[in-house]
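Chemist: quick one: sequence and predicted model below, then my questions.
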Amino acid sequence: MKVFISHVHNDEALAQKIVAILEEAGLEVWDDTREILPGDNWAEQVAQALKESEAMVVLLTPEATRSRWVRREIEYALGEERYSKRLIPVLVGDPADFPQEAIPWILWRLQMIKLSEYDKEEEGIRQIVQTLLEAA
């Protein structure tokens, strides 16, 4: 199964940690830092990755909830059958920092994984792996 990680640039360190753990578990992950080269049209590369992926992990941080690109990626996944039960929202930080209207309503209906101290919490990342492996 190929996994797309939806995140904003400021969350790159966490995204890379998740990429490493998912790959260690045997999952294929589209990694923008490896796949998008200087001079590439990044929007086309992302669109192609979304078409080729079968699962999505969305890193929801306060900045990500304001990103139109993250929202577009979520909308794409919600409209594709192959992402059914394979869209994993990950709430990063204190839930009190997220007004309910900041996160697309449909994501509140899905089981969220919560990472409170995302640079230290491998247990939550392992939960992402387990969820994806069960959905495979």
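Modeler: Alright, I've got the coordinates.
Chemist: quick check: buried residues in the lowest-mean-pLDDT helix or strand in the chain?
Modeler: For the chain, counting by mean pLDDT, DSSP states H and E, helix 105-108 ranks last in confidence among helices and strands (a mean of 85). In terms of neighbour count (16 or more other CB atoms under 10 Å), helix 105-108 has its buried residues at residue 107. C-beta: built from backbone N, CA, C; applies to glycine.
Chemist: also stretch 10-20?
Modeler: Residues of stretch 10-20 classed as buried under the neighbour-count rule (16+ other CB under 10 Å) are 11, 14-15, 18-19.
Chemist: which residue ranges of this structure form helices?
Modeler: For the chain, applying DSSP state H gives helices covering 12-24, 32-35, 42-52, 62-65, 68-78, 105-108, 122-135.
Chemist: among the ones you listed, where is the model least confident on average?
Modeler: For the helices of the chain, the weakest mean pLDDT is recorded on helix 105-108, namely a mean of 85.
Chemist: so which elements touch it?
Modeler: Secondary structure elements in contact with helix 105-108, counted by 3 or more CB pairs under 8 Å, 6 or more residues apart in numbering; DSSP states H and E, are absent; no helix or strand qualifies.
Chemist: that helix: how far from the chain's middle?
Modeler: Taking CA atoms, centre = their mean, to the nearest Å, one finds the center of helix 105-108 at 14 Å from the center of the full chain.
Chemist: show residues contacting it.
Modeler: In this structure, residues lying in contact with helix 105-108 by CB atoms under 8 Å, 6 or more residues apart in numbering are 58, 60, 74, 78, 89, 100.
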